[in-house]
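Visitor: pasting the sequence and the predicted coordinates here, then a few questions.
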Amino acid sequence: MGIVVQVHFLVSQVEEFMVETQMELGNILLVRLHKEPYGFFPPTNWNCSFIEVESPEGQTHRFPCYQWILGYPTFELREGTGEIFPPSMKLLEGNYQPGWPKCLDADSVDQLHLSDQYSSIKSCSFRVLLKTCTRSFLSQKTGPASDFSRTFSVSPEYVSKHWDEDAFFGYQYLNGASPGIIQRCTEIPVKFPVTQEMVVESLGLETTLEKEVEPTSPSASGGFMESPPDILSTLSPMKPCELTQEPGPTSPIFLPTDSEWDWALAKFWVRNSTLYIHEILAHLLHTHLLVEVFLLATLRQLPKCHPVHKLLIPHFRYTLHINILGRTHLLAPDGMLDKMIGTGFQGLSQLVARGLSKLTYSMLCLPDDLRDRGVDSLPNYYYKEDGLKLWSAIERCDPHRRQWERMTIWQARLFCNPIPPIYLFLKILLGFPAHLGTVAELTKYLTMIIFTCSVRHASVNNSQFDFGAWMPNYPSTMRRPPPESKGGMTFADILETLPDVSTSCQMLLILWLLSRESLGYYPEEHFTEEGPKKVIDAFQKHLAKISQEIEERNRRLPLPYNYLNPPEVENSISI
């Protein structure tokens, strides 16, 4: 009786195997090849071209390989059908408004893929919270000034007690809801003709206005100008305010030495202007709208198995959902913001377009931004202190950074060659690198994206309610035009200028709808490799150390700054 030996996998030979299954296979995404020793035969190398699988339903799936398989490894091959983007989703079909960043062409969250929509639990809790807020606050009617105290009794006690103090007015530009708009002023602006005589009572006789704004001034506080330069306020005891850019008889400069209500009204106007810059530029444009550009570029250009996709996708969770809700309910003509803020829809749209035209890459990179604004050495600037720690943690990830180098070089080549896809959508922005040719450049770029999704958004989002719930500290609109003279302001004029209770309640409703999940803790595990999992573990330990340092510092502060404490920082923009 002879022995028949069947030899498989000869050169140019196609092998067919029948695999039995008791169930439907569905859409086959990958196949796994395992090569193992065979008896006493010496090891051989194998060049596999491709694998085809015909499902019981008759559908054929092709898995390209075209490489040598050396030794005895296990290979996983992805199905080879290519898609530029999911067929159910139209990406980058235009702008929501002229001059705005690109956005998803969707009119409803129902058009999103199910995985991009809020989870059922989050969606349900959002609706319940919205109904609760609406019943509690929107039932309020316009009434006398005493109504404000009753309506806003939920606001933080410290803000409601100190909102009218000049020191707290200045403090909020360091560690309030808008900590990223101050910059060092080294000369008096032409459109702000303040003189030494105006401020001598505030500064005293030991110094002068010119000395206070010198970069080498011993006070180390300097002056700080809001951007754009409409209002000047210093963080020293002197805080003059000008309400228009063009000096003249109808554009008085307000001083702490003016009457109580003149000075109070000037500060109300400053806070109202700050709200627009905070909500429309720092919050809406610099986080929500820009992150959607990065998100769409990632979905469009990178497959799910790409390491950059795995790295970024947790930081994009629910962003499309909340941005579509924002465009359809908050930002739209006749939407909530159109009725609640003084710019209205048209003014809001123009401000976003102007803000985008002036935005630079360095403004999004915290170390560069602090240096450019001249505040990198400013003491007691907790946004700076905590933000730099988190930037460094994201940038370094952990001591095992070398494990990422081969991956990041691959990513750099992907982004640079032949035309960087992200830059096609951001070409209007000034200062963005022309290419990402090194590991350091790519690391900085990815750090900027993750920082924007998490830390930057937390700094402007999580603080809104604390500083904005007490309406006089953060008026959303002003019912009268700015004053053109000084000396005749009364308390009744103040009440007629500030927004009524109903408008303020609606603004409070928006500020209250916040949701948070901790930075660095990922409910979905996209990385299955051992190296990246070690990176994440080290990152979480680093964040825990930063959190401990922040909590120790906060125990010594009369008003703790907790907005960048890692447990309070959400991974993504989901609200």
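Guide: Noted; the coordinates are in hand.
Visitor: could you list the low-confidence segments of this protein?
Guide: Regions of the chain meeting the criterion pLDDT under 70 cover residues 1-12, 80-94, 114-115, 118-156, 202-204, 213-247, 398-430, 434, 512-532.
Visitor: what about the longest helix in it?
Guide: Ranked by residue count, the top helix of the chain under DSSP state H comes out as helix 530-554.
Visitor: sort out which residues of that one are buried, please.
Guide: 532, 534-536, 538-540, 542-543, 546-547, 550 (16 or more other CB atoms under 10 Å). All C-beta spots, glycine's among them, are computed from the backbone N, C-alpha and C.
Visitor: so the spatially closest residue to H542 that is not a sequence neighbour, which of the three states?
Guide: In space, and not counting its chain neighbours, H542 is closest to A393: 4.8 Å by CB to CB, 6 or more residues apart in numbering. Following DSSP: H, G, I helix; E, B strand; the rest coil, the label given to A393 is helix.
Visitor: same question, A106
Guide: For A106, the secondary-structure state derived from three-state DSSP is coil.
Visitor: isn't it right next to I324, touching?
Guide: Yes: assessed by CB atoms under 8 Å, A106 is found in contact with I324 at 5.5 Å.
Visitor: where do the contact lists of the two overlap?
Guide: By the contact definition CB atoms under 8 Å, 6 or more residues apart in numbering, A106 and I324 are jointly contacted by L112.
Visitor: quick one, helices of the stretch 351-500 of the chain?
Guide: For the stretch 351-500 of the chain, the helices defined by DSSP state H, counting those that start in this stretch cover 361-364, 366-372, 382-396, 405-416, 421-426, 439-451, 457-461, 464-468, 491-497.
Visitor: which elements pack onto the second one?
Guide: Under the contact criterion of 3 or more CB pairs under 8 Å, 6 or more residues apart in numbering; DSSP states H and E, the helices and strands touching helix 366-372 comprise helix 361-364, helix 382-396.
Visitor: tell me the most buried of those?
Guide: Mean neighbour count (mean count of other CB atoms under 10 Å) peaks for helix 382-396 among these, with a mean of 21.
Visitor: the inter-axis angle of that one versus helix 530-554?
Guide: Put simply, helix 382-396 runs at 170 degrees to helix 530-554, going by axes from the mean of the first three to the mean of the last three CA atoms, to 10 degrees.
Visitor: okay, the angle between helix 382-396 and helix 439-451?
Guide: Calculated by the same axes, to 10 degrees, helix 382-396 forms an angle of 130 degrees with helix 439-451.
Visitor: dump helix 382-396 to CSV, keeping only the CA atoms.
Guide: Extracted in CSV, the C-alpha atoms of helix 382-396 (Å, rounded to 0.1, in the frame of the first residue of the first chain):
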residue,chain,number,x,y,z
TYR,A,382,-3.5,79.0,37.7
TYR,A,383,-4.8,78.4,34.2
LYS,A,384,-1.2,78.8,33.1
GLU,A,385,0.2,76.6,35.8
ASP,A,386,-2.3,73.7,35.5
GLY,A,387,-2.5,74.0,31.7
LEU,A,388,1.3,73.7,31.2
LYS,A,389,1.4,70.6,33.4
LEU,A,390,-1.4,69.0,31.4
TRP,A,391,0.2,70.0,28.1
SER,A,392,3.5,68.4,29.2
ALA,A,393,1.7,65.3,30.3
ILE,A,394,-0.1,64.9,27.0
GLU,A,395,3.1,65.7,25.0
ARG,A,396,5.4,63.3,26.8
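Visitor: which residues are contacting that helix?
Guide: By CB under 8 Å, 6+ apart, the residues outside helix 382-396 that reach it are 174-175, 179-180, 366-367, 370, 375-376, 378, 443-444, 447, 450-451, 454-455, 459, 519, 539, 542-543, 546, 549-550, 553, 561, 563-566, 569.
Visitor: list only buried entries from those.
Guide: Those of the contacts of helix 382-396 that meet the buried threshold are 174-175, 179-180, 366-367, 370, 375-376, 378, 443-444, 447, 450-451, 454-455, 459, 519, 539, 542-543, 546, 550, 561, 563-566, 569, by 16+ other CB under 10 Å.
Visitor: picking that back up, export the helices and strands packed on helix 366-372 to JSON lines and tack on distance to H278?
Guide: Output for the helices and strands packed on helix 366-372, formatted as JSON lines (distance: least, CB to CB, whole Å):
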{"stretch": "helix 361-364", "distance to H278": "15"}
{"stretch": "helix 382-396", "distance to H278": "13"}
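Visitor: which one, of those, ends up nearest to K191?
Guide: helix 361-364 (22.6 Å; CB to CB).
Visitor: counting by contacts, list what the closest one packs against.
Guide: helix 366-372, helix 439-451.
Visitor: how distant is the longest one from the center of its chain?
Guide: Its chain's average C-alpha position is 14 Å from that of helix 439-451, according to CA atoms, centre = their mean, to the nearest Å.
Visitor: same check, this time on the first one
Guide: Chain-centre distance of helix 366-372: 17 Å, with CA atoms, centre = their mean.
Visitor: right, and P73 touches R32 too?
Guide: No: contact status for P73 versus R32: not in contact, 10.8 Å apart, counting by CB under 8 Å.
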